[in-house]
Each structure stands twice: as structure tokens, then as C-alpha cells.
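S.K.: Just the structure for this:
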Amino acid sequence: MHDAHFLLTDLLFGSSALLAIGLYIGAVVITNRRRRLRKWPMLRSISFIAGVLVAAMAIVGPLSRLSHSDFTAHMAGHLLLGMLAPLLIAIAAPMTLVLRTLNVHLARKLSRLLQSSFVGFYTHPIVASLLNIGGLWLLYTTDLYTAMHANIYLHIIIHIHVFLSGYLFTISLVYIDPVSNRFSYKYRTIVFIIALAGHGILSKFIYAYPPAGVPEEQARIGAMLMYYGGDAVDLLLIFILFKHWYQSVRHRKLVSVVGRG
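M.R.: You can find the predicted model right below:
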């Protein structure tokens, strides 16, 4: 890719990141003025800003440029853009904030959209897992990885897909924002375990069979980073999922005790 291409991606993704942060902060200001007794949690705002900056770090600036010639840097970008950033942004509950900020009429329209079969399809745990893990298998086991470094438009599309599929995967497992269909904790956990296995097997496959044009040593380091770095982010996701599960069981027990009383 030429310097002009890097400039284009920096402007596109950099301006998008700044716009997202600006809109989120603006929404927080509006909702805090309306609901003075129920302020938007500061930790959610921090999580959103951190998530957007982490995503931008992967696709704007030095790491993005280095990732075109260094597979290890590319894999670091994948972990930031496709795993850590989506988790941080999901924790920030952006859809809940939007619903609190909009007027009643628009909020109802958005709520209906979030409960539609279209959104429900893409946020189904299995579909989201296939888009996320399946997309990575397609990227690293075909010529797509080589092609993305030669075509600026393909490069942009793949990075957008990596982030969006990572975000859909995250919100399909942990329910922080409103969702159309709520699947049981057991069901989501089983799907998560299978997805983890798919991610782990892919990292081992890359270790043994590097993508075309990737030096063997870089592939091995990148594969290990994918394996262990992915586990670190997944541990955070597991913690949140199991915490919600525990709180749900505890709540049901309390309701049961109160009901018998």
C-alpha cells in the first residue's frame, strides 16, 4: 500500500473514532441533564472512550503501517480491533445510552428495530460466532490475507468486518444492551466454548501453516500472540458472562424465598 492509501485509512478511521467519541460524550451530557438523579455511569464513558481508542490504535498510525510488513504487528492489531475494543465498547452500553437520549417517538422506533428479526438473526450466538471465527478462518487460510494488503478497499472492508463481527460476537454472549431474543446462560456458554476452540485451533493452524508470504518466525510469534492474547481477552468475557449468570441465579433464589414468605 502507498502512503496515499495510509493517509486515506488514517483519515477515514481516525475521523470515525473522533466522531464516535464526540457523539457518545454528547449523548451523556444530554441524558445527564434530563435525568439528574440517575447520572450515566462514568465507568461506562471511560470504557467507551478506551474501546474506541484501542480500535483506532490498531488501524491508524504506526501499528497499522507496521502490520503490512510484520505479521506479529498485524495479529496485535487483530486482538485490539476484533476482541478488546468490542468488549470495552459493549461494556459501555451504547444502545442503552442512545435509547435514554432520544425522544420517546424515536426511542420506540429504535427499540422496535433492536427487537426485529433482522437484528435478532445477526446477534444470534451461533450466527455471530460464524461471522467472527469463520471470518478469521477465511482470512488466514485463503489468499484473502495477501489480497487485503494489495487492495485498499478490501483492506477497509476487512477491518470493518473484524470489528463489527467481534462486537456482534460479544453482545451475543453478554447482555448489557437490550437484545431481541435472550438465550439461556447454558446455551451461550456452550456456543462460547465451541467458538474458543475454533479460535484456538486456528492459531495452531497458523503456527504450522503460515499464510502466503508470511515468514515462518513471524507466523509462529503471531500465532502464539493470537492464542495467549485471545485467551486473556476471553477471560474477561468469561468473567462477565459468569458474573451475570451468578447474579441471575441469586436473584431467582431471592424471589423464590420472598414468594414463599
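S.K.: Now do the contacts for T72.
M.R.: Residues in contact with T72 (CB atoms under 8 Å, 6 or more residues apart in numbering) are 218, 221-222, 225. For the C-beta atoms, the positions are set from N, CA and C on the backbone; glycine is no exception.
S.K.: which of those has the most neighbours?
M.R.: Using other CB atoms under 10 Å as the neighbour test, those are led by G222, with 27 neighbours.
S.K.: Show the pLDDT at that residue.
M.R.: Per-residue confidence for G222 comes out at a pLDDT of 96.
S.K.: Then Y145?
M.R.: With respect to pLDDT, Y145 scores 93.
S.K.: returning to that earlier point: rebuild the contacts of T72 as JSON lines, extending it with distance to I25 and secondary structure.
M.R.: Formatted as JSON lines, those follow (distance: CB to CB, whole Å; DSSP: H, G, I helix; E, B strand; the rest coil):
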{"residue": "Q218", "distance to I25": "39", "secondary structure": "helix"}
{"residue": "I221", "distance to I25": "38", "secondary structure": "helix"}
{"residue": "G222", "distance to I25": "35", "secondary structure": "helix"}
{"residue": "L225", "distance to I25": "33", "secondary structure": "helix"}
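S.K.: what's the closest of those to T9?
M.R.: Set against T9, the nearest of these by CB to CB is G222 (20.8 Å).
S.K.: How about that closest one, nearest residue that isn't a chain neighbour?
M.R.: Of all residues not flanking G222 in the chain, M75 sits nearest, at 3.9 Å (CB to CB, 6 or more residues apart in numbering).
S.K.: so what's that neighbour up against?
M.R.: Residues near M75 by CB under 8 Å, 6+ apart: 222-223, 225-226, 229.
S.K.: buried residues in the helix or strand L97 falls within?
M.R.: Taking DSSP states H and E as the criterion, L97 maps to helix 94-101. Buried residues in helix 94-101, counted by 16 or more other CB atoms under 10 Å: 94-95, 97-101.
S.K.: Just put these in JSON lines and tack on pLDDT and distance to V174.
M.R.: Converted to JSON lines, the buried residues of helix 94-101 look like this (pLDDT from 0 to 100; distance: CB to CB, whole Å):
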{"residue": "P94", "pLDDT": "96", "distance to V174": "14"}
{"residue": "M95", "pLDDT": "95", "distance to V174": "13"}
{"residue": "L97", "pLDDT": "95", "distance to V174": "17"}
{"residue": "V98", "pLDDT": "95", "distance to V174": "18"}
{"residue": "L99", "pLDDT": "93", "distance to V174": "18"}
{"residue": "R100", "pLDDT": "92", "distance to V174": "20"}
{"residue": "T101", "pLDDT": "93", "distance to V174": "22"}
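S.K.: From those residues, pick the one nearest S129.
M.R.: Closest approach between these and S129, by CB to CB: M95, at 20.5 Å.
S.K.: count of neighbours near the residue nearest to that closest one when sequence neighbours are not counted?
M.R.: Leaving aside its sequence neighbours, M95 sits nearest to D177 (CB to CB, 6+ apart; 4.0 Å). The number of residues packed near D177 is 17, by other CB under 10 Å.
S.K.: Helices of this structure, start to end?
M.R.: Listed in chain order, the helices of the chain (DSSP state H) span 3-34, 42-59, 62-66, 71-79, 85-91, 94-101, 104-114, 117-122, 125-129, 135-141, 144-148, 152-173, 185-208, 216-260.
S.K.: Report the inter-axis angle for the first one versus helix 42-59.
M.R.: If you take axes from the mean of the first three to the mean of the last three CA atoms, to 10 degrees, helix 3-34 sits at 170 degrees to helix 42-59.
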